[in-house]
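Participant: Everything below, folded, please.
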Amino acid sequence: MGSFLPAVAEQLFRDIQKTYQETSQIPDDLLIALKFVFGPCALQALDLVDQRSVTCLSSPSGRKAFQVMGGSGCLYTCFVSCHYCLCPAFAYTVLRRNEGLLCKHILAAYLCQAMGVSQQESVSDQQMTMLLCRTAAP
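Facilitator: Here you go, the predicted model:
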């Protein structure tokens, strides 16, 4: 994980990773902790994980991005390395109002990383560059 999250969130993801590797499920106490730390987006993020809506894109140069198919059918690009998502909820709730740590898309990407369940797709460095350029465009 990155250094953009509080230590309690980092530890929660480590606990989820360890438990999921051992049992292939997340116990109730960790689900409750997830809801406590991340609020209402926790359940929505778990739904995205269950629906296999998260794809990890990786390029030969080592760059990674996540694409998450949102509940509305929109595809959002997330960067856990810098803790950023292009969705309106992230811009409004996290950046503008400072009311949450992250949106459901980034949380789903973190959960998929911890659980090892994201879809994997290799892209060329050129494709990754185009993806980054599209996300930077106004």
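
Participant: Below-threshold pLDDT in this protein: ranges please.
Facilitator: 1-4, 135-138 (pLDDT under 70).

Participant: Would you map the helices across it?
Facilitator: Taking DSSP state H to define them, one finds helices in the chain at 7-23, 28-38, 41-50, 88-89, 104-115, 125-136.

Participant: I'd say C41 and L102 touch.
Facilitator: Yes: C41 is within contact range of L102, at 7.2 Å (criterion: C-beta atoms under 8 Å). C-beta: built from backbone N, CA, C; applies to glycine.

Participant: related to what we said a few turns ago, export the helices of the chain to TSV and tack on distance to C82?
Facilitator: As requested, the helices of the chain are arranged in TSV below (distance: least, C-beta to C-beta, whole Å):
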stretch	distance to C82
helix 7-23	16
helix 28-38	18
helix 41-50	19
helix 88-89	17
helix 104-115	10
helix 125-136	11
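
Participant: tell me the centre residue of this protein?
Facilitator: In the chain, the residue lying closest to the centroid (C-alpha atoms, centre = their mean) is A109, at 2.2 Å.

Participant: wait, what's in contact with that residue?
Facilitator: Listed by C-beta atoms under 8 Å, 6 or more residues apart in numbering, the contact set of A109 reads V54, C56, F66, V68, C78, V80, S118.

Participant: which non-adjacent residue is nearest it?
Facilitator: F66 (4.0 Å; C-beta to C-beta, 6 or more residues apart in numbering).

Participant: now stretch 81-98, how far from the chain's geometric center?
Facilitator: 12 Å (C-alpha atoms, centre = their mean, to the nearest Å).
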